[in-house]
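Can you look at this prediction? I've put the sequence above it.
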Amino acid sequence: MAFQVTTATKKIASLNKRIRAIQGGTSASKTVSILLYLIDKAQSDKKPTITSIVSESIPHLKRGAMRDFKNIMKEHNYWKESNWYVQDSTYTFETGSTMEFFSADSGDKLRGARRDRLFINECNNITFDAFEQLEVRTKDFIFLDWNPTNEFWFYTEIKDKRNDVDHIKLNYLDNEALDDNVVKSIEQRKNRKGWWKVYGLGELGEVEGKIYRDWTIVDDEIDRKARLERLGIDFGYSNDPTAIVAVYYLNGAFVLDELAYLRGLSNKRIADIIINNGMENILSVADSSEPKSIDEIRGYGVNIQPAEKGKDSVCNGIQLVQDQKIEVTKRSVNIIKEYRNYLWKTDKDGVILNVPEHQFSHSMDAVRYAISSIKKTPRMFKVKASEPLKPYYSEIGI
């Protein structure tokens, strides 16, 4: 992957106020451009500084800003493995400056040591209180970035209420390094007014056709009182990932936990993931369009059956899921990402259709298979209280 100077990079480098707020659409190079700027500052320091990169959770950081940081450093031949401290997620530059990565749900970090520079990635996913705790402990400047899918604390508490704020908007046209195929994919959605306003133009709006709302993100450790109900499996291989979701039931809510979201999983590896987590006896409900895969996985000792399909089964299943109280473990980054981007299709005139878009449907389908099979009257399967699971995270991002 080559990183080059783009319009986005130049616009971000020109900001000079304390709070540097960058809203933008998809593929606008917000995060990469900010990281390039921060790396350059750290490498040019005359005195050592501390830069904090913060996001909503550690899994989100690992798949997002942390991965981008490592890719940039390696692409430019800056990376030295000995300078990376895995335990603290901290990199030390030759200048003595450090860059640390931590999550906004780490209370001790929020109220802990001070820093010189701060970057809150996808800041719309953290609370205003978390921002204030971080901001008041930052000496020099703060970067914020986000997709403007809805109004949040930046618009109500920061913008037009402080005189130390730079606020710019970026979109895919500011990123000249973008692949032509990605540009074409983005521009094919011009007919979807809400989507185009937010993700295409980078303007504040409300994305039309969002399927699910009001899910809650919870801690990773599954409560010992929770009972494992089902596993949902949506098959993929070359182009799409296979998604495996564990569905627990606790205090009137279904708790979703991601076991896998990977391309290239064979049926044997799918079975191994389930067996290695001690879940082979729990009913797995899988995409019925692949009966051969289901038979093969069953042959490895997994209790699995096809999802029931029929007329309106997708819409009915979605409605059933909508009717439930849903919680998602914070490590389930792909479930969370798909939940936030799972939309109904629209026609050429922008009219919403009762058909979900395919792009962010993989774990959503797995959830639907599992919860639909429970049919509102959960049969509680008692399972041995287990240690926190170890999800398999993919290299797939947005």
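Sure, I can see it.

Work out for me the element the closest residue to residue 13 other than its chain neighbours sits within.
Nearest non-adjacent residue to residue 13, counting by C-beta to C-beta, 6 or more residues apart in numbering: residue 37, 5.6 Å away. C-beta: built from backbone N, CA, C; applies to glycine. Applying DSSP states H and E as the criterion places residue 37 in helix 30-44.

If you average the pLDDT over that helix, what comes out?
Mean per-residue pLDDT for helix 30-44: 97.

in that helix, what's buried?
Going by neighbour count (16 or more other C-beta atoms under 10 Å), the buried part of helix 30-44 is 30-39, 41-42.

Give me the residues contacting that helix.
3, 6, 8-9, 12-13, 22, 24, 49, 51, 53, 64-65, 68-69, 72-73, 78, 93-95, 97-99, 117, 119, 121, 143, 145, 170 (C-beta atoms under 8 Å, 6 or more residues apart in numbering).

and the residues you listed, which of them are in strands?
22, 24, 51, 53, 98-99, 117, 119, 143, 145, 170 (DSSP state E).

Can you tell me which of these is closest to residue 258?
Checking the ones in strands among the contacts of helix 30-44 against residue 258 with C-beta to C-beta, the nearest one is residue 53 at 23.0 Å.

ok, that closest one to residue 220 distance?
To residue 220, residue 53 is 20 Å away according to C-beta to C-beta, to the nearest Å.

go on, residue 161?
Counting by C-beta to C-beta, the gap from residue 161 to residue 220 is 36 Å.

out of those two, which sits in the more crowded spot?
Taking other C-beta atoms under 10 Å, residue 161 and residue 220 do not tie; residue 220 has more neighbours (15 against 9).

give the contact list for residue 220.
With C-beta under 8 Å, 6+ apart, residue 220 has these contacts: 257, 329-331, 388.

doesn't residue 149 make contact with residue 203?
No: counting by C-beta atoms under 8 Å, residue 203 does not reach residue 149; the two are 10.8 Å apart.

okay, those two: which has more neighbours?
A side-by-side neighbour count of residue 203 and residue 149, using other C-beta under 10 Å, places residue 149 first with 18 against 15.

part of a helix, is the more buried one?
No: counting by DSSP: H, G, I helix; E, B strand; the rest coil, residue 149 falls outside a helix, being coil.

ok now do it, which residues does it touch?
124, 198, 205-207, 340.

The spatially closest residue to residue 150 that is not a sequence neighbour: what secondary structure?
Distances taken as C-beta to C-beta, 6+ apart place residue 206 nearest to residue 150, at 6.1 Å, with adjacent residues excluded. Here residue 206 is recorded as coil under three-state DSSP.

State the distance from residue 206 to residue 195.
10 Å.

Right, I'll leave it there.
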